[in-house]
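> All I have is the shape, not the residue letters:
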Ligand code: 5GP
Ligand code: MN
């Protein structure tokens, strides 16, 4: 964050403010962890703050300290709306353009608050007056830690905040495995442990609380996997019928896409998941190495993200979507094989 924006933020927070904190739609561990950590920080500083999530989020994140206070824009619409409308400051965390909040974007666009973006996705748009955008960061949670440190309040990081920040760093780095995990990330993690983050407990709460039906759904996804060795690509499809058969709950498909990359020689993994209610297939893209799934998702599937992890969507049938997807692969043959 450059000094000008940091000073502007310091000035803004120097008196008590009404603040709305917003994660992206279908928030993940990083979005929930970063918004909660910031919320604890701002409340402790004497501000009035609320987190407004565009929609619900997975059960395996609901243990996080403060999670019971998060407003759901879909379910608590009036209260959520008035929070945004009355806010002096709107923090948007873990996303880079307002389209990422779905139907909530209209309410945000009509707000007269000062917008502050904290985010690590590529090609941020310019809706925020104060921007902290750094694509080299492992996670927005790591950025919230750095931000609090830059504001001179490192010592005010509580164990609640430490547990929230640890969670988001852990989930966004695939448990400290992805390329964006730096020595600084590990130093932040070490500090967080000193401040009370319980790493083993967090791993258990996130990864070892499966339901049997989720594992059966994973079995179905793995059976559906198609391997295109020529393009070092593996993709999975899950239809609404299959999701219903295995009693799909929000968050159940989290991480499924990564199984493609565990195959020897596979560098590009994709999952297409039907959402009948929205009439779309939600798509997750993952890669290893230089092949940019951010570019791929942005160019062909109305999406974006990071070089090695991105998302997008398709409004077409699964047959049409797969035909289109496979027709694109020859265009990237050189990149996928390099
Ligand atoms: P996931 O595949 O886990 O949903 O998302 C992977 C990454 O891409 C995350 O950082 C997420 O924020 C981003 N992402 C997911 N879906 C979209 C999308 O539709 N548009 C954009 N711009 N980014 C997305
Ligand atoms: Mn993130």
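Alright, I've got the coordinates. Note that the structure is a prediction, hence the values are computed from the model and not measured. Ligands and ions are numbered 1, 2, ... in the order given.
> can I assume residue 197 is in contact with residue 166?
Yes: contact criterion C-beta atoms under 8 Å: residue 197 and residue 166 qualify, at 3.8 Å. Every C-beta, even on glycine, is put in place using the N, C-alpha and C of the backbone.
> isn't residue 276 right up against residue 240?
Yes: counting by C-beta under 8 Å, residue 240 is a contact partner of residue 276 at 4.2 Å.
> So which bits of the protein are right by ligand 2?
Applying C-beta under 5 Å from the ion, we find that the chain lies next to ligand 2 at 30, 94, 139, 140, 172.
> 6 Å instead, please
Proximity of the chain to ligand 2, by C-beta under 6 Å from the ion, involves residues 30, 94, 120, 139, 140, 172.
> ok, the fourth one touching residue 172?
So that's residue 139. Yes: counting by C-beta under 8 Å, residue 139 touches residue 172, with 3.7 Å between them.
> For the closest residue to ligand 2 within the chain, give its distance to ligand 1.
Among all residues of the chain, residue 30 sits closest to ligand 2, at 3.4 Å; criterion: C-beta to the ion. Look at residue 30 and ligand 1: by C-beta to the nearest ligand atom, to the nearest Å, they are 8 Å apart.
> swap in residue 315?
13 Å.
> Just list the residues touching that residue, thanks.
Residues near residue 315 by C-beta atoms under 8 Å, 6 or more residues apart in numbering: 279, 280.
> Quick check: the gap between it and residue 26.
17 Å (C-beta to C-beta, to the nearest Å).
> now swap in residue 288 and tell me
Plainly put, residue 288 is 24 Å away from residue 26 if you go by C-beta to C-beta.
> what about those two, which has more around it?
Taking neighbours as other C-beta atoms under 10 Å, residue 288 and residue 26 compare with residue 26 leading, 19 against 14.
> Am I right that that one is in contact with residue 57?
Yes: contact criterion C-beta under 8 Å: residue 26 and residue 57 qualify, at 7.2 Å.
> anything in contact with each of these two?
residue 250.
> just the helices in this structure please.
Under the criterion DSSP state H, the chain contains helices at 3-12, 29-44, 77-86, 105-109, 140-150, 159-172, 183-194, 199-207, 212-223, 240-245, 258-261, 293-300, 318-328, 333-337.
> Can you spell out which helices and strands pack onto the shortest one?
Same thing as helix 258-261. If you count contacts as 3 or more C-beta pairs under 8 Å, 6 or more residues apart in numbering; DSSP states H and E, helix 258-261 packs onto helix 212-223, strand 233-238, strand 268-275, strand 280-287.
> got a list of what the residue of the chain closest to ligand 2 touches?
94, 139, 140, 141, 168, 169, 171, 172.
> just to revisit the earlier point, just the buried ones from the residues of the chain next to ligand 2, in PyMOL syntax?
A single PyMOL command selects the buried members of those (16 or more other C-beta atoms under 10 Å):
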select buried, resi 30+94+120+139+140+172
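> Between the residues of the chain next to ligand 2, which sits nearest ligand 1?
Each of the residues of the chain next to ligand 2 was checked against ligand 1 using C-beta to the nearest ligand atom; the closest is residue 94, at 6.4 Å.
> Any figure for the gap between the closest one and residue 324?
Counting by C-beta to C-beta - residue 94 and residue 324 are separated by 29 Å.
> what's the answer for residue 90, then?
Distance check for residue 90 against residue 324: by C-beta to C-beta, it reads 37 Å.
> again, but for residue 162
45 Å.
> Which neighbours do residue 139 and residue 172 have in common?
Between them, residue 139 and residue 172 share the contacting residues 30, 180, judged by C-beta under 8 Å, 6+ apart.
> Show the contacting residues for residue 107.
The neighbours of residue 107, taking C-beta under 8 Å, 6+ apart as the test, are 73, 81, 84, 85.
> of all the residues you listed, which comes closest to residue 176?
residue 73 (32.0 Å; C-beta to C-beta).
> Which residue is the nearest non-sequential neighbour of the closest one?
In space, and not counting its chain neighbours, residue 73 is closest to residue 80: 4.4 Å by C-beta to C-beta, 6 or more residues apart in numbering.
> Just give the closest residue to residue 329, not the sequence neighbours.
Residue 329's closest residue in space is residue 231 (C-beta to C-beta, 6+ apart), at 4.4 Å.
> Contact partners for that neighbour?
268, 329, 330, 332, 333, 336, 337.
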